[in-house]
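K.L.:
mind looking at a prediction? Sequence and model below.
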Amino acid sequence: MPSGTAEMQVRAGIEADLENLTTIYNHYVRETAVTFDTVVLTPQERRPWLLSHPEDGPHRLMVATAADSQRILGYATSGPHRPRPAYVTSVETSVYVAPEAVGRGIGTLLYGALFEALAGEDVHRAYAGIAQPNEASVRLHEHFGFRRVGTFQEVGRKFGRYWDVAWYEKPL
């Protein structure tokens, strides 16, 4: 069921969103160290990712749209934390906002909807890795009750330099 404000709505992601979601993600691939992907992806390459987020269960894709135009403003996901069976009740979460929509509260709206959707699922913990520095992402995660549990030093190399990733955890 969609939720949101007068300006924005949040709903589950659908296959018709794939091109727009890929465009948003590729901005972060090209311009930032937020993701450690280094080559832009095609919608067809992203399709398995989209299909791994059904409308129910612990692995969700929530999409924020402009209420007047249905233009995608951002998305939040929960996905597997690690592939081994004992990790099944842990998820890794992330938020990506269209560059022209940053600073409008979309990340907060998306995470609120994502955690509401996860409330009835068999999920015990949520984790988020935040490439440093990224104060806006740190504030968002702390707002939702995540706490820092450690940092992987110089764990990723992108744009000719090494990046630290701070790990955050939230009980669900």
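P.N.:
Received the coordinates, thanks. Numbering: from 1, shown residues only.

K.L.:
span of stretch 114-125 from start to end?
P.N.:
Terminal residues of stretch 114-125 are spaced 13 Å apart (CA to CA, to the nearest Å).

K.L.:
scratch that, stretch 78-94
P.N.:
7 Å.

K.L.:
any idea of the mean pLDDT for it?
P.N.:
Mean per-residue pLDDT for stretch 78-94: 96.

K.L.:
buried residues in that stretch?
P.N.:
By neighbour count on 16 or more other CB atoms under 10 Å, the buried set for stretch 78-94 is 78, 81, 90-94. (Each C-beta comes from the backbone N, C-alpha and C, glycine too.)

K.L.:
can you check stretch 130-149 too?
P.N.:
Buried-residue list, stretch 130-149, by 16+ other CB under 10 Å: 130-132, 134, 137-138, 140-141, 144, 146.

K.L.:
let me know the closest of these to Ser69.
P.N.:
Ser69 has its nearest neighbour among the buried residues of stretch 130-149 in Leu140, at 24.7 Å by CB to CB.

K.L.:
for the closest one, list the residues it contacts.
P.N.:
Contacts of Leu140 were listed using CB atoms under 8 Å, 6 or more residues apart in numbering, and they are 95, 107-108, 111.

K.L.:
next secondary structure element downstream of the strand or helix carrying it?
P.N.:
Element membership of Leu140 [criterion: DSSP states H and E] is helix 135-143. From helix 135-143 onward toward the C-terminus, using DSSP H and E, the following helix or strand is strand 147-158.
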